[in-house]
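Participant: Give the three-dimensional model of this entry:
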Amino acid sequence: MRPIAPVSLSSGDLIADRRYEWARAAQEKGNLEAAVDLLRQALELVPGYAAAWFALGEVRAARGDAMGAVDAFEQARAADPADRLGAALQLARFEAAAPVMPPAYVRAVFDQYAGDFDRALVEGLSYRAPQLLLDAVKATGVRMKFGSVLDLGCGTGLTGTAFRPFCDWLVGVDLSAGMIEKARTKDLYDRLDEADIGEFLRGEGSANYQLVLSGDVFVYLPYLEPTFTLVAAVLAPGGLFAFTTETHEGNGAILRDTLRYAHGEPHVRDALRDAKLDLVSLNPAATRNEKGEPVPGLVVVVRKG
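Facilitator: Numbering: from 1, shown residues only. Below is the predicted model of the structure:
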């Protein structure tokens, strides 16, 4: 399973959709010239066909046509202003700016994956962030009994499963309705909200959570300080915030080919300092594999002073 995959959007025209499907099949077989021809046919039938423009951008990029790829991705974004396909992220591969992922894109992708998410993530990618977070929190020496705990980007509840025995009240929030419904079936959370995490945190006021968790969420955010500041506002004095990131050897954020952000350690430390959160531990750890190889990451625990 790819962590982010294109979401298919029908054109409303059966013939155009068929050309699109044939083009995708040709692309998978490496016949890029045929894929381009079929996608052009689809776009002649439906000029505002966002998925076809997006696929054309991918094929042009694979052929080394950067300018053509940029044009196609811009057309895809114009055809679907909500950007459910993530054209802005593809454009970032050709530009210096680090865009914020369109919420509609993230929501659509994870709604699509919700049913098979746990198996694909744990078995397919050896996902281990929940256990790494639990080990990191235990290593602080804190008493493992928390009143209110917040699971940011809770997904289907993998992190909630690890921490449920140690909390009295567990709140989960996620952008994807599909993920929330999957989490609800596990009967882990005392409260579940479908919301953007930034909007949720701004609406919480001073909720005084004793522990905030975030596993594999910040790979979808280019800038960390705004969210860290919002987390600090809902933490009780002395409360802990434990999270994971993917990382790279430099500074700032980079968008990987997997369309996930990796944050340099200096960027993480600066964002924590600006949010006035005190570092307790920061350790390298791979939370998942990609193509059979561990992805470099960090497991971080901080405290509100």
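
Participant: In terms of secondary structure, what does the lowest-mean-pLDDT helix or strand in the chain contact?
Facilitator: Using mean pLDDT, DSSP states H and E, the weakest-scoring helix or strand in the chain turns out to be helix 117-119, at a mean of 77. Helices and strands touching helix 117-119, by 3 or more C-beta pairs under 8 Å, 6 or more residues apart in numbering; DSSP states H and E, are helix 177-184. Just so you know, the C-beta spots here come from the backbone N, C-alpha and C atoms, and that holds for glycine as well.

Participant: then the helix it packs on to CSV, C-alphas only?
Facilitator: Provided in CSV are the C-alpha atoms of helix 177-184 (Å, rounded to 0.1, in the frame of the first residue of the first chain):
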residue,chain,number,x,y,z
ALA,A,177,-14.8,9.9,8.3
GLY,A,178,-13.8,6.5,7.2
MET,A,179,-11.0,6.2,9.8
ILE,A,180,-13.3,7.5,12.5
GLU,A,181,-15.9,4.9,11.7
LYS,A,182,-13.3,2.2,11.8
ALA,A,183,-12.0,3.5,15.1
ARG,A,184,-15.5,3.5,16.5
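
Participant: Following element in sequence after that helix, please.
Facilitator: The helix or strand immediately downstream of helix 177-184 is strand 191-194, counting by DSSP states H and E.

Participant: hmm, who's touching the next helix or strand after that next one?
Facilitator: Tracing the chain past strand 191-194, the next element assigned as helix or strand by DSSP H and E is helix 197-204. By C-beta atoms under 8 Å, 6 or more residues apart in numbering, the residues outside helix 197-204 that reach it are 152-153, 173, 175, 193, 195, 217, 226-227, 230-231, 233-234.

Participant: what does the average pLDDT come to for the helix or strand hosting residue 228?
Facilitator: Per DSSP H and E, residue 228 falls inside helix 225-234. With pLDDT averaged residue by residue, helix 225-234 scores 92.

Participant: Please find the angle between the direction vectors of that helix and helix 197-204.
Facilitator: Following axes from the mean of the first three to the mean of the last three C-alpha atoms, to 10 degrees, one obtains 30 degrees for the angle between helix 225-234 and helix 197-204.

Participant: Following the chain past helix 225-234, name the next helix or strand.
Facilitator: strand 235-246.

Participant: Spatially central residue in the protein, please.
Facilitator: Taking C-alpha atoms, centre = their mean, the centroid of the chain lies closest to residue 220, which sits 3.7 Å from it.

Participant: need the contact list for that residue.
Facilitator: Contacts for residue 220 (C-beta under 8 Å, 6+ apart) come out as 101, 106, 260, 261.

Participant: Narrow those to those in helices?
Facilitator: residue 106 (DSSP state H).

Participant: just checking, residue 184 touches residue 194?
Facilitator: No. Counting by C-beta atoms under 8 Å, residue 194 is not a contact partner of residue 184; they are 10.3 Å apart.

Participant: Show me which of the contacts of helix 197-204 is closest to residue 78.
Facilitator: Of all these, residue 78 sits closest to residue 175, with 23.7 Å by C-beta to C-beta.

Participant: Now for the closest residue to the closest one other than its chain neighbours, how many residues are close by?
Facilitator: Nearest residue to residue 175, sequence neighbours excluded (C-beta to C-beta, 6 or more residues apart in numbering): residue 107, at 5.1 Å. Using other C-beta atoms under 10 Å, residue 107 has 21 neighbouring residues.

Participant: okay, residue 107: pLDDT?
Facilitator: Model confidence at residue 107 (pLDDT) stands at 82.

Participant: now the helices for the stretch 1-150 of the chain?
Facilitator: For the stretch 1-150 of the chain, the helices defined by DSSP state H, counting those that start in this stretch cover 14-28, 32-45, 50-62, 66-79, 87-92, 103-113, 117-119, 125, 129-139.

Participant: Relative to residue 257, how far out is the residue nearest to the centre of the chain?
Facilitator: When distance is defined by C-beta to C-beta, to the nearest Å, residue 220 is 15 Å away from residue 257.

Participant: what do you get for residue 297?
Facilitator: Taking C-beta to C-beta, one finds residue 297 at 16 Å from residue 257.
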